[in-house]
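In: Just the structure for this:
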Amino acid sequence: MQVTSRHNGDNLGGKMVRLVTHGEDRYDRTIADTHLPVDDPLVNLPDLFLNRELVRRGLAWHYKEYSDDKRLADDEKNARLKKLGLWGGSHKVIAPWDWRKLSKVERDEFRAGKGVRNQ
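Out: Presented below is the predicted three-dimensional model:
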């Protein structure tokens, strides 16, 4: 997602992140939680959970097929209610996994505003 990539790049500033892996998806891609360590020895704070921060700001989807994290589900629900990020604006949204299931005709109809499925 372009917005997410730009958001991450601005905030990470070349810092190292810590990945907590949870296996692989059906395409052999790593499923992981991404954490940004707090880099201040005077502050005793937990790592910033980037997955959650992106979902909380409406910049990423909570992919429930691979995650049963209630915090992410709640964060997505709140972002939707507050119309943050991809949930804002007048455009319709469709989950990437649902988009990939659509035929070319269905995609064209979606783009034209017909046959829109609310998420």
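In: can we go C-alpha only for contacts and neighbour counts from here?
Out: Noted.
In: can I see the domain layout of this structure?
Out: Following automatic domain parsing, the chain resolves into domains at 2-88, 90-119.
In: From Pro37, how far off is Leu19?
Out: 11 Å (CA to CA, to the nearest Å).
In: Apart from its chain neighbours, what residue comes closest to the residue nearest to the spatial centre of the chain?
Out: With distances taken as CA atoms, centre = their mean, the residue of the chain nearest its centroid is Ala60 (2.0 Å). Excluding its sequence neighbours, the residue lying closest to Ala60 (CA to CA, 6 or more residues apart in numbering) is Leu54, at 5.5 Å.
In: and what of Ala79?
Out: Per CA to CA, 6+ apart, closest to Ala79 is Gly58, 5.3 Å.
In: Can you name the residues that contact that neighbour?
Out: Glu76, Ala79, Arg80, Lys83, Leu84, Gly85, Leu86, Trp87 (CA atoms under 8 Å, 6 or more residues apart in numbering).
In: Give the buried subset of these as a PyMOL selection command.
Out: Buried residues among the contacts of Gly58 (16 or more other CA atoms under 10 Å), as a PyMOL selection:
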select buried, resi 76+79+80+84+85+86+87
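In: Of the contacts of Gly58, which belong to helices?
Out: Glu76, Ala79, Arg80 (DSSP state H).
In: Please render these as JSON lines that adds distance to Leu102 and pLDDT to the earlier fields.
Out: Output for these, formatted as JSON lines (distance: CA to CA, whole Å; pLDDT from 0 to 100):
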{"residue": "Glu76", "distance to Leu102": "23", "pLDDT": "96"}
{"residue": "Ala79", "distance to Leu102": "25", "pLDDT": "96"}
{"residue": "Arg80", "distance to Leu102": "23", "pLDDT": "94"}
